[in-house]
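**Q** The following comprises the amino acid sequence and a computationally predicted model.
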Amino acid sequence: MSQKLNVRNITENEYFYGHKACGGCGESLALRLALKVLGDEAYLSLPAGCMAAVSFIYPNMAFKNNAIITPFASTAAVTTGVEAGLRALGKKKPLAVGFAGDGGTADIGIQALSGAIDRGEKFIYICTDNEAYMNTGIQKSGLTPFGAATTTTPAGREIRGNINFKKNMFEIVAAHGITYAATASIGYLDDMINKIQKAKDADGPSYIHIYAPCPTGWGCGSEISVDLGKQVVDNGLWYLAEYENGEFKVNRNPDTFEPVAPYLKRQGRFKHLEESDITMIESIRDQKWEYIRNNWV
């Protein structure tokens, strides 16, 4: 078993720097720390999302690792292709990693991801979820939460933002019988980096879903990204869990949840929500946690 990672023993080497991401970008923080775990032998595949846009700016490259931009729908397919190529070159422990946002994972790239997991090849797929298509203008994705205002789900008098709920990508992936899957948040970094280490050690496909706030798209201060990542776990709107050996496990099961309203009201995308909307969001949260506690704990 690998050594438990924390801020004191994680490498000081940097593999992702000099990028042009917005201040407080949760995705760039997740990517930077993930690469500290994965190291310079990881070969990266990214679709044309935020992290590709801020990293591949000729003549500068923000990655120390080998990295390639993929067609939007094909991140997982390209990642497993890279893995096959590395094996063909005689690499004993090929490490192919796909990084994609929520739209590139839950919408455009879900077919390629499903097929790649089904093939059972060793690869890591990391979804950095900032809950909308931020790179192209803050459009709704399949992982945009209920009530959030985006440019395609604007808030008005009759319809107050997005009327749908997030797809449950973690459980969709688990339903494939994947070797290892986990949820994480940039608000709980020790938990996140140790799950990435487990994905690295897994003998088969693995998937990490990271909650990654976006100050630009969410209408909040860049200084509160990590705090939002902690708050969303503590109020129960996001959960930390794992799937391995065919079983689910909850990593954090609060006795009581913090109120939802303070978290929502810190973000401009939720400023239009009324008390009845917040009550509904809490009700959906409670239903989900009842299921989790009855089946995973």
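**A** In hand now; what should we look at?

**Q** Output the lengthiest helix in the chain as PDB - backbone C-alpha positions only.
**A** Counting residues, the longest helix in the chain under DSSP state H turns out to be helix 275-295. Output of helix 275-295 as PDB, limited to C-alpha atoms (Å, rounded to 0.1, in the frame of the first residue of the first chain):
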ATOM      1  CA  GLU A 275     -37.100  30.300   0.300                       C
ATOM      2  CA  SER A 276     -39.300  27.600  -1.400                       C
ATOM      3  CA  ASP A 277     -36.400  26.800  -3.800                       C
ATOM      4  CA  ILE A 278     -33.900  26.400  -1.000                       C
ATOM      5  CA  THR A 279     -36.400  24.200   0.900                       C
ATOM      6  CA  MET A 280     -36.800  22.000  -2.200                       C
ATOM      7  CA  ILE A 281     -33.000  21.700  -2.600                       C
ATOM      8  CA  GLU A 282     -32.700  20.600   1.000                       C
ATOM      9  CA  SER A 283     -35.500  18.100   0.500                       C
ATOM     10  CA  ILE A 284     -33.700  16.500  -2.500                       C
ATOM     11  CA  ARG A 285     -30.400  16.500  -0.400                       C
ATOM     12  CA  ASP A 286     -32.100  14.700   2.400                       C
ATOM     13  CA  GLN A 287     -33.600  12.100   0.100                       C
ATOM     14  CA  LYS A 288     -30.200  11.400  -1.400                       C
ATOM     15  CA  TRP A 289     -28.600  11.000   2.000                       C
ATOM     16  CA  GLU A 290     -31.300   8.700   3.200                       C
ATOM     17  CA  TYR A 291     -30.500   6.400   0.300                       C
ATOM     18  CA  ILE A 292     -26.700   6.700   1.000                       C
ATOM     19  CA  ARG A 293     -27.100   5.900   4.700                       C
ATOM     20  CA  ASN A 294     -29.400   3.000   4.100                       C
ATOM     21  CA  ASN A 295     -27.300   1.400   1.300                       C
END
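
**Q** Can you list the buried residues in it?
**A** Under the neighbour-count criterion of 16 or more other Cβ atoms under 10 Å, helix 275-295 has 277-278, 281-282, 285, 289, 292 buried. Bear in mind the C-beta positions are built from the backbone N, C-alpha and C, glycine included.

**Q** How about residues contacting it?
**A** Identification of contacts with helix 275-295 by Cβ atoms under 8 Å, 6 or more residues apart in numbering yields 146-147, 160, 165, 235-237, 239, 241, 248, 250, 253, 257, 260-261, 264, 273.

**Q** Repeat that for stretch 139-156.
**A** The contact list for stretch 139-156 (Cβ under 8 Å, 6+ apart) reads 101-103, 105-107, 129, 131-133, 137-138, 159-167, 169, 217, 237, 264, 268-270, 272-273, 277, 280-281, 284.

**Q** Can you go through the residues you listed and name the buried ones?
**A** Buried by 16+ other Cβ under 10 Å: 101-103, 105-107, 129, 131-133, 138, 160-162, 166-167, 169, 217, 237, 264, 269-270, 272-273, 277, 281, out of the contacts of stretch 139-156.
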